[in-house]
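[1] Need a 3D model of the following:
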Amino acid sequence: MKINYRNIHEFIDELERSDELIRFQEPVSSRLEITEITDRMSKLPGGGKAILFENVKDSEFPVLMNQFGSEKRINMALGSESLDELAGRLQAIINMKPPKSFMEKIRLLPELLKYSRFLPRTHKGKAPCQEVILKGGDVDLTKLPVLFCWPDDGGPFVTLPVVFTKGLSDGKRNAGMYRMQIFDRNTTGMHWHIHKDGAHHYHEYIKAGKRMEVAVAIGTDPAVTYSATAPMPRGIDEMLLAGFIRRAPVRMAKCVTVDLEVPAEAEFIIEGYVDPGERRVEGPFGDHTGYYSLKGDYPVFHVTAITHRKNAVYSATIVGKPPMEDCYMALATERLFLPMIKTVLPEIKDYMLPWEGVFHNIAVIAIDKEFPHHAGKVMNGMWGSGQMSFAKILVMIDDEKLLYDRGRLIRHILDTIDFHDDVTLTKGILDVLDHSAEKPLYGSKLGIDATARIAGEEPRSEEAIHGSMNSSALSHEFSQLDENFTCAASALDECRNRVILLNAKKAGGKNSQFFINRIRNSSLKNQGIFVILDSDIDLKNYSVVLWKIFNNVDPSRDMVFEKDCVIIDATKKGIADGHSREWPDDIEMSEDVKKKVDGMLTGHPEFFM
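    Residues are numbered from 1 along each chain as shown. Have a look, this model is predicted:
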């Protein structure tokens, strides 16, 4: 396997040699059509293949999609046989012990010299990314095949940009990935979330009242692209991580109109500036949560130059309902950053971020338990650590093998949990995309301790929440309880605590509290753990059910824990439910585009595996 790539062209060649690339030669529009085709591919078993759209309407540039969208391709991109092998290389650095003697220093020198080769270097001569230079009136962002991803998006968005900024106080470089809505031929939005390092730099410039220079690279080699998404500690150069991953330095070139450096082998560079205090409405945008993130005021990026290769390839991604390409990039982060998490919490053996939790809503963590309430200590540690502080739900277990068998994991939790002693409710910061909380950016969190009891801990109650009615009987009884309960289905009947899934139609003034009260005041309340879902949700699609639970639930408001009754309300919320924030819509492609793509894919059996 090739361990690094100078540029995206080398990666495309390797994908093609490995039968991981489809060249799509029919004319296709960057407005919705590329999204629909790519979404179908990414949802094939294993993530399908990468697609190179070679004939994009109204643009001279081809578009590369789904390049990271499988376990094989993410490993190819990062030059590793496995993600755990890559994490092992990082673990070796972390485990290095300071030399105690002169001879130990001598023996360590070759290893230190090896790692020094990962540092970014200055490119000599004309950079490939500057073969074509456009400035002033020649700048026109509309000539790039920027994707209009979903029907209700606020406009076309650059979705895979590596955004370079420099700290005003320390001069340190940051490379992050922040979507950019195209406003016109020379301005875009700059979607810096409040918790991100790019936003930290921006606020430094606001305080100083100074213009902030920005450079954006599109179509970088895969190690650079991935590194821009990685949750690196503030002040650590992402280009150092990219050099570590690719075992070779990233060669950087000076920009044409701003005082920043960018990857010399990138396909496109967009240079410009952000003025302090200037903001403009950006969005909506079909986001990785599977919902539209809402409109908001964000900084405006003014473009002073566009440079690119003569044979440039535009790289992009789409996000939406999982699984999609970003799931595999998140998997790489999950594995690569485990050694870093262990340096802070060494009792953690392994962890897993379920895709339905869209990376920040739930983490399941296996620990080596040593003392009473050790699980609670780890919960608090994780809720205070970097990106993990955004996690809404944390589940603690002992056996790390359960992380790789989801069925056994769910059964273990349901067989183990004592809903009175194993559940922790608290408050903390949340991801900016969380829509379930009463207020943006912070809200309630849930901790579940499913570890084995040890000496010093009270034994769990043997009480179970498990009735005897089957799905047919439950549907009948609930329709009698209220006609707006439209369907009921039992799940995981073999577990000590089983689950009852309910469809509820919110209409005629019947809100969340109405349905919760109907259950808790009925004789059916101990039949199982009730999960209330909207009437249009397929109760047989457990992946969608989990996605709704992890995204739509504010634990302190939407969960009931009583002696013989547990209820989880995973429905949409509105004013009638006491939720004053705007609730985002699910992402759905328009029917006309679906039908058009049906015709376009005739004769392409690779899309129907």
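
[2] Confirm A175 sits in a helix?
    No. Going by DSSP: H, G, I helix; E, B strand; the rest coil, the assignment for A175 is strand, not a helix.

[3] Just give the nearest non-adjacent residue to it, would you?
    The shortest distance from A175 to any non-neighbouring residue, by Cβ to Cβ, 6 or more residues apart in numbering, is to E238 (4.1 Å). (C-beta placed from N, C-alpha, C; glycine too.)

[4] And that neighbour, how far from T165?
    11 Å (Cβ to Cβ, to the nearest Å).

[5] Can you pick out the residue with more neighbours from these two?
    T165 (28 against 24; other Cβ atoms under 10 Å).

[6] Now for E238 and T165: what residues contact both?
    Taking Cβ atoms under 8 Å, 6 or more residues apart in numbering as the contact rule, E238 and T165 both touch 173-174, 176.

[7] Buried residues in the helix or strand where G428 lies, which are they?
    Following DSSP states H and E, one finds G428 within strand 423-429. Neighbour-count burial for strand 423-429 flags 423-424, 429 (criterion: 16 or more other Cβ atoms under 10 Å).

[8] which one of those sits closest to G243?
    Sorting those by distance to G243 puts I429 at the head of the list, at 31.4 Å, by Cβ to Cβ.

[9] Run a quick neighbour tally on H308.
    Neighbour count of H308, defined by other Cβ under 10 Å: 24.

[10] and if you look at G407?
    When neighbours are counted by other Cβ under 10 Å, G407 registers 10.

[11] so what's it up against?
    G407 makes no contacts at all, as judged by Cβ under 8 Å, 6+ apart.

[12] three-state assignment of it?
    Classification of G407 using three-state DSSP returns helix.

[13] got it, and the one 5 residues further on?
    The assignment at H412 comes out as helix when based on three-state DSSP.

[14] What confidence value was assigned to it?
    pLDDT for H412: 97.

[15] repeat for P459
    Looking at P459, the pLDDT reads 93.

[16] Is it in a helix, a strand, or coil?
    Assigned by three-state DSSP, the conformation of P459 is coil.

[17] That one and R453, how far apart?
    6 Å.

[18] what's the answer for N503, then?
    Relative to R453, N503 is positioned 37 Å away (Cβ to Cβ).

[19] neighbour count winner among the two?
    Set N503 next to R453 and count neighbours by other Cβ under 10 Å: N503 wins out with 21 against 16.

[20] what's across from that one in the sheet?
    Residues in a beta bridge with N503, per DSSP bridges, are C487, L533.

[21] Can you name the next helix or strand after the strand holding G428?
    Using DSSP H and E, the helix or strand that follows strand 423-429 in sequence is strand 442-449.

[22] Which neighbouring elements make contact with that next one?
    Where contact means 3 or more Cβ pairs under 8 Å, 6 or more residues apart in numbering; DSSP states H and E, strand 442-449 is packed against helix 374-382, strand 393-397, strand 423-429, helix 555-558.

[23] what is the mean pLDDT for the helix or strand following that strand?
    Going down the chain from strand 442-449, the next helix or strand is helix 471-481, by DSSP H and E. For helix 471-481, mean pLDDT rounds to 95.

[24] what residue lies at the spatial centre of this structure?
    F359 (4.7 Å; Cα atoms, centre = their mean).

[25] nearest residue to that residue other than its sequence neighbours?
    A330 (4.7 Å).

[26] now S461
    S461 sits nearest to D418 (Cβ to Cβ, 6+ apart), 5.1 Å away.

[27] ok, the one you found touching E462?
    No. Contact criterion Cβ atoms under 8 Å: D418 and E462 do not qualify, at 9.1 Å.

[28] Neighbour count: these two, which is higher?
    More neighbours surround D418 than the other of D418 and E462, with 17 against 7 (other Cβ under 10 Å).

[29] where in this structure is pLDDT low?
    93-115, 609 (pLDDT under 70).

[30] unless I'm mixing things up, L394 is touching G381, no?
    No. Here L394 lies out of contact with G381, judged by Cβ under 8 Å, at a distance of 10.1 Å.

[31] More neighbours: these two, which one.
    Between L394 and G381, L394 has the larger neighbour count (other Cβ under 10 Å), namely 23 against 15.

[32] The more buried one pairs with what?
    Here L394, judged by DSSP bridges, has bridge partners A363, G447.

[33] Provide the secondary structure category for P299.
    Under three-state DSSP, P299 falls in the strand class.

[34] Can we start the residue count at 21 from this point?
    All set: I'll call the first residue 21, so the last point we hit is now P319.

[35] quick one, phi psi at A70?
    Dihedral pair for A70: phi -70, psi 150, per degrees, to the nearest 10.

[36] If we ignore the residues flanking it in sequence, what's nearest I387?
    Per Cβ to Cβ, 6+ apart, closest to I387 is E367, 5.0 Å.

[37] Would you mind listing the residues in contact with the one you found?
    Contact analysis of E367 by Cβ under 8 Å, 6+ apart lists 387-390, 394, 398.
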